[in-house]
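[1] Sharing a model prediction with you, sequence too.
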Amino acid sequence: MSSSLALALVPLFLAAPSATPVLEPTAVTQTFGDPADADDPAIWVNPANPERSVVLGTLKEGGLAAFDLSGRTIGTYPAPAGPTPDSKPGRFNNVDVLGDLAFVSDRGRDRIRVYRVDEHGAKDVTNPRTKPVFSADETEVDEQHTAYGLAAGTVGGKDVVVTSRRSETRIALLQVEKGRTVDTKVVSTLDLPKKFKLPNGKTWQPCEEPGDDPQLEGMVIDSRAGVLYAAQEDVGIWRIPLRAKGFGQPVLVDEVRTFGAPMKFDEATEECVADGPNPGFGGKWLEADAEGLTLLGDDMLIASSQGDSRFVLYRRTGSFKALSDFKVAGVEHSDGAAIVTGKLNLLVVHDGERPDGTGFAFLRR
């Protein structure tokens, strides 16, 4: 916690519980609209000149964008088309950076796309023969239970990617294979719970659209500790030990406020609505959906509380504990966040509800 950005956040820990500090962005990107809908950021730090670092952001069917530190767009890279005119097109969901490589979950085609990043932007270096992560064939890909959330890291000396499956509780661990092009291959999967035993002895299952299970999206890897943190949107945050070839036993370390609350799907509004009083088994900090996760320093975690447009700061070492929260002025319903400290002190968050679309907000200290 020695960087200026980390120090700037320290007063938030001391704020009164009723007071949520609001931080002002230092820059914002252009606005994007459907189908180029902004979603998740990542930061590449230029080792030669941090002031020429690059922020990446996924734009769903619009592909991937690269920005300079003032928020100016320096490049856009389209998502690939499907194998036939009737196939679903590429749709980039989440992005993470490891070294000079950016890994992107292509939820449209169920692949992990890989880009090499420098100060001029990004270049696609994905192995053209890379296989779907979860789907057995291209027909199953078009059913869209595909790669969704994503995190990259190094565990046991191996570069790895973890991705979740859209509309399901499954996550997959992939090892990175580098050559002239870069590939990722699945080495293990883990199915997180769909139902939960409550303190009153009842079994609770989160409300979802018919046919869907409670999916995960926001994820981050603590490479030093060998731990994956994963946000199950309507459930809470999981801490999962991570090895180069598999997952350890997951532990739910914080729940959303509506954890255990009876809800039902309203077909008229296509939303889940309350179906009885909240029994109070949930946590105090996260308003569903629990979304983007990013690591701050050696012992902190930032999580997006998307339902009420806040960000929650946790101590992740020792006993996992929420410390405080904050908002970013003008940012609503954030999906993703990324932070780096040291030579470059920068927090980037997704802004999910601008009047004319979506984009990203930058905070530098």
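    Cool, the structure landed. Numbers count the residues shown, from 1 in each chain.

[2] which stretches of the stretch 1-150 of the chain have low pLDDT?
    Low-confidence regions of the stretch 1-150 of the chain, defined here as pLDDT under 70, cover residues 1-18.

[3] how much space between the residue lying closest to residue 111 once chain neighbours are set aside and residue 143?
    Leaving aside its chain neighbours, residue 111 sits nearest to residue 130 (5.4 Å; criterion: Cβ to Cβ, 6 or more residues apart in numbering). The C-beta positions use only the backbone N, C-alpha and C, and glycine is treated the same way. Counting by Cβ to Cβ, to the nearest Å, the gap between residue 130 and residue 143 amounts to 19 Å.

[4] higher neighbour count, the two?
    Neighbours per residue, other Cβ atoms under 10 Å: of residue 130 and residue 143, the larger number sits with residue 130, 19 against 12.

[5] OK, contacts around the more buried one?
    The neighbours of residue 130, taking Cβ atoms under 8 Å, 6 or more residues apart in numbering as the test, are 111-112, 183-184.

[6] now for the residues you listed, which pair is the farthest apart?
    Of all pairs drawn from these, the greatest distance, 10.0 Å, lies between 111 and 183 (Cβ to Cβ).

[7] which neighbours do the two share?
    126, 130.

[8] Can you tell me which residue is spatially central in this structure?
    Closest residue to the average C-alpha location of the chain: residue 218 at 3.0 Å, with Cα atoms, centre = their mean.

[9] which SSE is that residue in?
    Residue 218 is located in strand 216-222, with elements delineated by DSSP states H and E.

[10] Which neighbours in the sheet does that strand have, and how are they oriented?
    Sheet partners assigned to strand 216-222 using DSSP bridges are listed as strand 227-232 (antiparallel).

[11] following the strand it pairs with, which helix or strand shows up next?
    From strand 227-232, the next helix or strand downstream (DSSP H and E) is strand 236-243.

[12] Given that following strand, what are its sheet partners and their directions?
    Neighbouring strands of strand 236-243 in its sheet, by DSSP bridges, are strand 227-232 (antiparallel), strand 246-247 (antiparallel), strand 251-255 (antiparallel).

[13] thinking again about what came up before, distance-wise, check the residue nearest to the centre of the chain relative to residue 135.
    Counting by Cβ to Cβ, the gap from residue 218 to residue 135 is 22 Å.

[14] Quick one: the helices in the stretch 201-350 of the chain, in order.
    With DSSP state H, counting those that start in this stretch, there are no helices along the stretch 201-350 of the chain.

[15] scratch that, the stretch 1-150 of the chain is what I was asking about
    The residue ranges that make up the helices of the stretch 1-150 of the chain, judged by DSSP H, counting those that start in this stretch, are 4-13, 138-141.

[16] Distance from the shortest one to the middle of the chain?
    When you say that, I think you mean helix 138-141. Helix 138-141 sits 24 Å away from the centroid of its parent chain (Cα atoms, centre = their mean, to the nearest Å).

[17] now stretch 273-283
    For stretch 273-283, the gap between its own C-alpha mean and the chain's C-alpha mean amounts to 26 Å (Cα atoms, centre = their mean).
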